[in-house]
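In: sequence first, predicted model second:
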Amino acid sequence: MDFKTRYQLKLLSSELSPIEKVLNNELNDTQRLLSQNENWLFNPEKWKSLRHILIMNQANNLKAEENFRKACFLYKESSISSSEITEAFQEYVRAYNQLTSLYLIRRLNKTVNLIVYNTENEIEEVKTLGTPEIDSTTCLARLPNGDLFCFGNYELSGITLIIDNNHRIRLLPSGTPCKYSSAIYYNRNVYCFGGYNHNSPLFLSSRFNIEKKRWFKLHPMPLKDYSCNSVIFNGNILISGLKNTNLLVYSVYVSSFSTIPYSFTEHIAKILISTAERLYLIECPNGLIYESGIKDEYNWDIIGNSSIKSWTAQVYSSYNKGVIYIITDIQPRYYKFDLEKRQFINF
C-alpha cells in the first residue's frame, strides 16, 4: 500500500490530528498539481498559509517545510520510499507542535521549572531545570529548532542562555541587566525590547545573533517601557508595552522605529497575536480586544472584552486552529480566545 493510500485510510478512520489533516490535504494538492507539470512545490506564495500554520512568526527559517516539500517531490519522482516521506512528515508535525506551544518559567525557592503547554493536545508538562538564575521575570523566545532563548532575571544580571530540546542549559554572553524585557526571533537573531532596571523602565533595544553568539545594540526605543510583547508582521516587528498607550514598529532592514498613534489603555499589559491575515491585541486585566488587518496596522477595531482578570507582567500567547492561547505568570493561568466566536472559552 503506497503512502497516499495509507494516509487516506488514516484520514477516513479519524486517526489523524487536525494538523495532520491539514498537511495531508496540502500533500494531496501537491501531488495533483505536480501531475499537471506545475512547479508548485517551489512557489513560495502557494505555501504561504501552510507556512504560517507551521512556523507562525518565524517564516525566515523553513527547514521542516523545505524538507517536507523536497520529500514530496522526491516521492513523486520515486526517488525515496514511503517511510522516508513519513519521517519528513513527522518532523513537520514535531516542528509545528514545538512552535505553537506556550512556555513559562516558574521559580520555587531555588528550583526552576519550565512549564510547556502543548496547544495541539492541550496538555501541560512541567520540566525541572535545576537551579539556573532565571525566573518569571525572564523573557523567552522560541527558536526554529525548538530551543528556548532566555534573557534577564529579577537579580538584574543580564543573564542569557538557551534551553535545548533535552532541557539542558547553555550559557551565552550576558546582555543589558534588566527584567521584564521581551524577546522574539527573526532571521537568525533574537530581538529584545524594553525592560525594567531598579526603579525605571528602559529604552532597551538590542539583538542577539544566534550564530555569532554576540549582542548588538540597536537604536534606543523612542519610549521607555517594560513587559513588552512583540510579533513579526510584513518584515517588521510590532511592539506593545505595559506603560505606554501607543504601539511601536521596528523596521529590521533600516533599523529604525515608528509609532502607531492609536491610544490603547495605559499601564495595562497588551498581548499581541499575529495570524496569516490579522493582528490582535488583548488588554489585561479586564481590558478590550482589538483587531487589525496585517497590512493595516494603523486602524484597529474593538471586537470584544478581555476576561483575563489577573494583572500580569509576563504573558505569552500562541495561535492554533483559530484559537488564541494565552498563559500569564500568575498561578499560572491559561486562557483561550475563539476568533470565530470572538469570545473566551473556559478550560
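Out: Cool, got the structure. Residues are numbered from 1 along each chain as shown.
In: can you give the domain ranges for the protein?
Out: For the chain, the structural domains run 3-97, 101-345, going by automatic domain parsing.
In: winner for burial among those?
Out: Comparing those by mean neighbour count (mean count of other CB atoms under 10 Å), domain 101-345 comes out on top with a mean of 18. No exception for glycine: its C-beta is placed from N, CA and C like everyone else's.
In: show me where the protein has its helices.
Out: Assigned by DSSP state H, the chain shows helices spanning 3-12, 18-35, 48-55, 63-76, 82-100.
In: skipping adjacent residues, who's closest to residue 293 in space?
Out: If you skip the residues right next to it in sequence, residue 293 has residue 278 as its closest partner in space, 6.5 Å away by CB to CB, 6 or more residues apart in numbering.
In: what sits against the one you found?
Out: Under the criterion of CB atoms under 8 Å, 6 or more residues apart in numbering, the contact partners of residue 278 comprise 291-294, 339.
In: okay, and which of these map to strands?
Out: The strands in this structure, assigned by DSSP state E, contain 291-293 from the contacts of residue 278.
In: between those, which sits nearest residue 150?
Out: If you rank the ones in strands among the contacts of residue 278 by distance to residue 150 using CB to CB, residue 292 comes first, at 29.9 Å.
In: for that closest one, what are its contacts?
Out: With contacts defined as CB under 8 Å, 6+ apart, the neighbours of residue 292 are 278-281, 298-301.
In: JSON lines for those, including pLDDT?
Out: As requested, the contacts of residue 292 are arranged in JSON lines below (pLDDT from 0 to 100):
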{"residue": "278", "pLDDT": "87"}
{"residue": "279", "pLDDT": "91"}
{"residue": "280", "pLDDT": "92"}
{"residue": "281", "pLDDT": "92"}
{"residue": "298", "pLDDT": "89"}
{"residue": "299", "pLDDT": "91"}
{"residue": "300", "pLDDT": "94"}
{"residue": "301", "pLDDT": "93"}
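In: any chance of those residues in a markdown table, with distance to residue 195 too?
Out: Output for these, formatted as a markdown table (distance: CB to CB, whole Å):
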| residue | distance to residue 195 |
| --- | --- |
| 278 | 28 |
| 279 | 23 |
| 280 | 24 |
| 281 | 20 |
| 298 | 27 |
| 299 | 29 |
| 300 | 26 |
| 301 | 31 |
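In: pull the most distant pair out of those residues.
Out: Every pair in those was compared (CB to CB); the two farthest apart turn out to be 280 and 298, at 15.3 Å.
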